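Enquirer: sequence isn't available, so here's the structure alone:
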Ligand SMILES: Cc1cc2nc3c(=O)[nH]c(=O)nc-3n(C[C@H](O)[C@H](O)[C@H](O)COP(=O)(O)OP(=O)(O)OC[C@H]3O[C@@H](n4cnc5c(N)ncnc54)[C@H](O)[C@@H]3O)c2cc1C
């Protein structure tokens, strides 16, 4: 019998009812008794010394409860906002890790840096008071762009050359050898544009302290409340776990930006006992622009060595990455272990070497954003592969096929540490070419030309590493945390089930997908399952949701706990049915005894577990609740092919995406509708990065794109209807055979868009364009090519 | 937002009296520009005079070759008005492409031209159509009304009551969206009237909306897209920002003008 709410069914999302009815419970919806309102006064300067802060007048303002500065926090022994990943440099020394005080003491290092907390009866009163604070700033020259960071003014006096780390991976000697044998070398310089995450719900926190119990509570817009409890409790505020509860209720999107422990979380939690009342702080949108961790911001030079027939021989990469003013939680891992380890891509390139230098600048800290490192790797590889094909006069699809890791080569060990367990890049490419009607492209191009439009087709064939991650592996690479997941399955007496998961849903739909796993495994209807997440007082432990890890890690933990429940329930059934445990089968929610008509439904076993009138208590405990922790053996490796088709208007430079096909192998699919929804969202962000989005700073370190007036977000009308499908090779090291789908859209798509734009512009002589390929940039490139051709 | 006194008069006369009585009073119409300004604490008016209940500032009439639109008429009302669509379809189209539905259902004609944002759409139509701005004090030709960036000829306490648009023979508006805000990076309104062709350009100029007189001359001689090919559009005094430099804007003025003329056919 196929389960109508089991694995593989596009069940409608359970959580959408409350969201669509406006019944969600977000942090800013919460009002605690006696709650006050916090306002963070931020630096208007990119870099300045603070000579003095005078709060005298502000403290007298109506409604003000208290005002705190960095001196108050420092005097209280408050620690530095920590970084969660230590990178060991080339020379064996640890990375440079300057202090990150939650409220600055005597120096601001980026526009938006936190200077003071004003607590008042109302937000308006807090803002009024903030205007009365007098700060004697002494402006200093700023380091802004990453390209010139090495020679710029020092962001932290103790960090020479603004260098956070100089790190490498791969075998430089093998690469040099490969290059010495090359028939052709293709070189490329690319910039991975800086992005602002723009989750729909801005960050918001409520700090609270119970004088009676001495317990702190933080309500937070976090993707991983346990991680926040750990980082903030242990490193910043010195609060033990049993006295600190962290709750992440409904959270409206994160895309990575809500993984990190932010200064404001520590500030409101620290200040709550000082004022003796809860304090709420909610970011305004313009604050989000200058205080949410930004994404990407890489500059790379790469060279690919090829044999005469187009076989890749070696790949070498120099990357410069921007860390911003301070190290955000996972910032250091993004341009290293989440990026350079992916530089093999889907190709069997035998020798790879990458050197990464990361720098501090007077900009907002940069950290993981949807894809985190893997989009940067994919973009670099897929751009250079297209360029190599063009330079050598080879077909861009043939050069890919020739170099793909063969189907029978899995598990495949890359030269940059990772071992891909499964994949079939030929299958996703074939399917995508079919769906995109590549065969019909020449006719569409000719038709577009009649309308004066330049039409282009672009490919991206990619692999990524997610399902983050085996604790042993990341631990050996410097992670200061494990990356397992936990689950508790609580079966209630009448057969309903509550699941407590350490994963966190902020849009992904766990309440549906995880319930489908339960429905499938325990044979009970979806309505009988409730998924609870996001509260450290309910869930045993959790590493949270990012790196497309929820199903592959959290889902596996749930499967493990459910297997324990079934085993326990089997014992109970055997006892009641008076038979040996081995003779009890469990299928479709019913326990049966082989060869008899004895049967006991799951709900009845559950009831018996809690009404154990005649249990042999030495052999069988009452109750039906199990817990499991799961730590994966390896990353998971989704891969696929994205094909983009664009039309460029040469008169205005406007690029219209007219076709977007994504065929992704995300392993087995629990809910196709949700997977496709995740891919749609990822594609929107990927196309956004390629054509629209860019955080721009001016030379003085002010954010030019500080609002939606200038930061161009993708909108629905910028897209055609996406064509999305999945091909499946199962993950070989988890029981569900799942890989992860949350980031593939944003990882695979950007190079497909830019390759399509360059394909469209080939005939007019344009050979390079950077992201975002805005109309002005495309038009200027066309004019430049015309001028160059005229000069020839 | 700072605290202010809020008034909601029922007629333009009462509104005028309130403005006269309170020196630092400001008008609020649709609030689409005013509210964000207040929220960001960029303005601190002691009094706000809300015109929403002034029935004498609303409505659309067409007579004698003139479309008269009350200052408090919302963009959406103009966009969906059968009279405007019949008389000056380009104007209805322009209004229907301002902002998003929420903005069009709050923002007003009077608010838009009083604000004179250099990237707003309506000012180009006013210039190209040779509109007359009617206020509580006088009638002002569009030529004389828009005086610079966010600057108009309005005096303290003067309220726009209506705008009169002469019906042209043909007209079209072409807007090139700024990718982020979707205001006009460049918008060109072309009108063919009995007195010749007029071309109003918004979004591009450092001093705000302006008439492109070289194109007007070329098009008055030959009202066809090709007539624009020979016109040199100088990048001098055009805006430069991250969305486009002056050369790009100069190009867009030509491209949008040609497309507008083609649309008139
Ligand atoms: C998201 C967004 C997108 C937008 N996109 C566009 C766009 O694409 N194109 C475009 O043109 N505009 C756009 N706008 C602006 C919009 O058209 C506004 O409605 C307009 O600029 C102001 O009109 P309002 O009625 O809201 O005026 P308000 O904001 O209430 O007032 C604006 C100013 O005009 C004054 N004022 C208002 N009415 C009168 C009057 N009758 N007499 C004298 N002074 C008066 C006020 O005192 C104030 O100084 C956008 C706005 C937003 C918020």
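Expert: Thanks, I have the structure now. Note that the structure is predicted; figures quoted are calculated from it, not measured. Numbers count the residues shown, from 1 in each chain, chains lettered A, B, ... in the order given.

Enquirer: contacts and neighbour counts: CA atoms only from here.
Expert: Will do.

Enquirer: what ranges do the strands span in the stretch 101-250 of chain A?
Expert: For the stretch 101-250 of chain A, the strands defined by DSSP state E, counting those that start in this stretch cover A:107-108, A:114-120, A:134-139, A:163-170, A:184-192, A:204-210, A:215-220, A:244-247.

Enquirer: what's the fifth one in contact with?
Expert: With Cα atoms under 8 Å, 6 or more residues apart in numbering or on different chains as the contact definition, strand A:184-192 has outside contacts at A:179, A:296-308, A:376, A:379-380, A:384, A:387-388, A:391-392, A:770-771.

Enquirer: which other helices and strands contact the helix or strand encompassing residue B:26?
Expert: In the assignment (DSSP states H and E), residue B:26 maps to strand B:25-28. Strand B:25-28 sits against helix B:12-21, strand B:47-50, with contacts defined as 3 or more Cα pairs under 8 Å, 6 or more residues apart in numbering or on different chains; DSSP states H and E.

Enquirer: check whether that strand comes near the ligand.
Expert: Yes - Strand B:25-28 comes into contact with the ligand (Cα under 6 Å from any ligand atom), by way of B:26, B:27, B:28.

Enquirer: list the contacts for residue 52?
Expert: As the question left the chain open, I've gone with chain A. A:135, A:136, A:137.

Enquirer: my question was about chain B
Expert: With contact set as Cα under 8 Å, 6+ apart, residue B:52 has these partners: B:8, B:29, B:30, B:72.

Enquirer: give me the subset of those residues touching the ligand.
Expert: Restricting those to those near the ligand by Cα under 6 Å from any ligand atom leaves B:29, B:30.

Enquirer: and of the contacts of residue B:52, the nearest to residue B:148?
Expert: Closest approach to residue B:148 among those (Cα to Cα): residue B:29, at 21.2 Å.

Enquirer: just read off the phi/psi values of the closest one.
Expert: Here is the backbone geometry of residue B:29 (degrees, to the nearest 10): phi -110, psi -100.

Enquirer: and the strand ranked longest in chain B, what does it pack onto?
Expert: Longest strand of chain B, by residue count under DSSP state E: strand B:184-193. Applying 3+ Cα pairs under 8 Å, 6+ apart, we find strand B:184-193 packed against helix B:122-129, strand B:170-177, strand B:196-202, helix B:246-264.

Enquirer: direction included, what does the second one pair against?
Expert: Each strand paired with strand B:170-177, and its direction, by DSSP bridges: strand B:184-193 (antiparallel).

Enquirer: please work out which residues outside the strand it pairs with touch it.
Expert: Contacts of strand B:184-193 (Cα under 8 Å, 6+ apart): B:119-121, B:124-125, B:128-129, B:167-178, B:197-204, B:243, B:249, B:252-253, B:256-257, B:260-261.

Enquirer: quick one, domains of the chain?
Expert: You didn't say which chain, so I picked chain A. Taking automatic domain parsing as the domain assignment, the ranges for chain A are A:31-140+A:203-282, A:146-194+A:294-406, A:424-463+A:637-792, A:484-630.

Enquirer: chain B is the one I meant
Expert: As assigned by automatic domain parsing, chain B contains the domains B:5-50, B:57-166, B:170-263.

Enquirer: look up how far the ligand lies from the residue in the stretch 51-200 of chain A that chain B sits nearest to.
Expert: Chain B sits closest to residue A:124 of the stretch 51-200 of chain A, with a gap of 7.4 Å, by Cα to the nearest Cα. Going from residue A:124 to the ligand by Cα to the nearest ligand atom, to the nearest Å gives 21 Å.

Enquirer: quick check: the residue of the stretch 251-400 of chain A nearest chain B.
Expert: At 9.8 Å from chain B, residue A:286 is the closest residue in the stretch 251-400 of chain A, using Cα to the nearest Cα.

Enquirer: so which strand or helix has that residue?
Expert: Element membership for residue A:286, per DSSP H and E: helix A:285-291.

Enquirer: now residue A:267
Expert: helix A:263-275.

Enquirer: can you pull out the strands in the stretch 51-200 of chain B?
Expert: Taking DSSP E, counting those that start in this stretch as the test, the strands found in the stretch 51-200 of chain B are B:60-63, B:66-70, B:132-135, B:139-141, B:146-148, B:151-152, B:160-166, B:170-177, B:184-193, B:196-202.

Enquirer: same list (the ones you listed) but as CSV, adding mean pLDDT, distance to the ligand and mean neighbour count.
Expert: Below are those laid out as CSV (pLDDT from 0 to 100; distance: least, Cα to the nearest ligand atom, whole Å; neighbours: other Cα atoms under 10 Å in any protein chain shown):
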stretch, mean pLDDT, distance to the ligand, mean neighbour count
strand B:60-63, 96, 15, 15
strand B:66-70, 98, 9, 21
strand B:132-135, 98, 7, 21
strand B:139-141, 98, 13, 17
strand B:146-148, 97, 13, 20
strand B:151-152, 98, 10, 16
strand B:160-166, 98, 4, 24
strand B:170-177, 98, 8, 23
strand B:184-193, 98, 6, 28
strand B:196-202, 98, 9, 26
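
Enquirer: around the ligand, which positions in chain B sit nearby?
Expert: Counting by Cα under 6 Å from any ligand atom, chain B sits next to the ligand at B:26-34, B:71, B:98-99, B:103, B:107-108, B:110-112, B:114-115, B:120-122, B:159-161, B:182-183.

Enquirer: burial measure for residue B:205, as a count.
Expert: Counted with other Cα atoms under 10 Å in any protein chain shown, the neighbours of residue B:205 add up to 24.

Enquirer: same deal with the one 4 residues further on?
Expert: Using other Cα under 10 Å, the number of residues around residue B:209 comes to 32.

Enquirer: wait, it touches residue B:237, no?
Expert: No - counting by Cα atoms under 8 Å, residue B:209 does not reach residue B:237; the two are 11.7 Å apart.

Enquirer: nearest residue to the residue of the stretch 151-265 of chain B found nearest chain A other than its sequence neighbours?
Expert: In the stretch 151-265 of chain B, the residue that lies nearest chain A is residue B:180 (3.8 Å; Cα to the nearest Cα). Spatial nearest neighbour of residue B:180, excluding adjacent residues (Cα to Cα, 6 or more residues apart in numbering or on different chains): residue A:712 at 3.8 Å.

Enquirer: quick revisit: can you tell me which of the helices and strands packed on strand B:184-193 is nearest to residue A:65?
Expert: Residue A:65 lies closest to strand B:170-177 among the helices and strands packed on strand B:184-193, at 46.5 Å (Cα to Cα).
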